[in-house]
Every structure is written in C-alpha cells, then in structure tokens.
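# predicted coordinates and the sequence they were generated for:
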Amino acid sequence: MYKLIVLYKKPQDTEAFFKYYHDVHLPLVRKIPGLERIDVNQVTGSPMGGDPEYFLIVEMCYPDKDTFVQAMKSPENLETGKDVANFAAGLVTVVTAVQQ
C-alpha cells in the first residue's frame, strides 16, 4: 500500500479547523481517483510529555505507487491541494510512505 501522509500542526482555532476540514476539505479528498482509504487521526498527546509536534495525522491510502502517481495528477487532487491554503496555510507537512 502506498500512502500520502499529511501532518498538521495545531491551528489557533481548532473548532473552526475541524468544521472546515470535515465539511469542505474531506469531501474534496474523497473525490480523488484511486483513493482506497483515508484515516484521520487526531493526536491526543506525546508519551514523552509536553505538547506533541502534530495535531492531526491523515493517511491517504492507495493500492500501489502507479495508482498514487495517477491520482496526484488528477484535477480532483489539484483542487484538494489548493484548498489546503484556505484552512491550514503554514501548518502542513506532507510525506509519502510504503506500508511494509
């Protein structure tokens, strides 16, 4: 499984963030072709104590790298990527991973 992992730092207004994320952004994400699963994980703490670096970790799962590459080229993905600036500018780190 090939994954696009999005790491969000904590926004100033978490309630507004979640409202936008669930009502606007997530429906856009779900339109991306080839997406098999999306896991949205709210970070609840750090085992080392203190504030965790990230607030939300989202895993977008694709069956393989070829499907992922095609999905990233899609108009639906481009629209989704542009939407991030509407609610999370400066708060996002994006990485890719292969599930072992």
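Structure's in. What do you need?
# every contact and neighbour count from this point should use C-alpha atoms.
OK.
# now do the contacts for residue 34.
Taking Cα atoms under 8 Å, 6 or more residues apart in numbering, we find residue 34 in contact with 62-63, 67-68, 71.
# restricted to strands, list these.
In strands, judged by DSSP state E, the following of the contacts of residue 34 are found: residue 62.
# which two among the contacts of residue 34 are spaced furthest apart?
63 and 71 (11.2 Å; Cα to Cα).
# who touches both of these two?
Jointly contacting residue 63 and residue 71 under the rule Cα under 8 Å, 6+ apart are 34-35.
# buried members of the contacts of residue 34 into ChimeraX, please.
Applied in ChimeraX, the following selects the buried portion of the contacts of residue 34 according to 16 or more other Cα atoms under 10 Å:
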select :62,68,71
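# how about the contacts of residue 34 in a markdown table, adding pLDDT and distance to residue 82?
Shown next, in a markdown table, are the contacts of residue 34 (pLDDT from 0 to 100; distance: Cα to Cα, whole Å):
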| residue | pLDDT | distance to residue 82 |
| --- | --- | --- |
| 62 | 98 | 20 |
| 63 | 98 | 24 |
| 67 | 98 | 21 |
| 68 | 97 | 18 |
| 71 | 98 | 15 |
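# tell me how far residue 3 lies from residue 13.
The gap separating residue 3 from residue 13 is 28 Å, by Cα to Cα, to the nearest Å.
# compare these two (neighbour count), which wins?
Neighbour count, other Cα atoms under 10 Å: between residue 3 and residue 13, residue 3 has more, with 22 against 8.
# in this structure residue 42 contacts residue 56, no?
Yes: in this structure, residue 42 is within contact of residue 56 by Cα atoms under 8 Å, at 4.5 Å.
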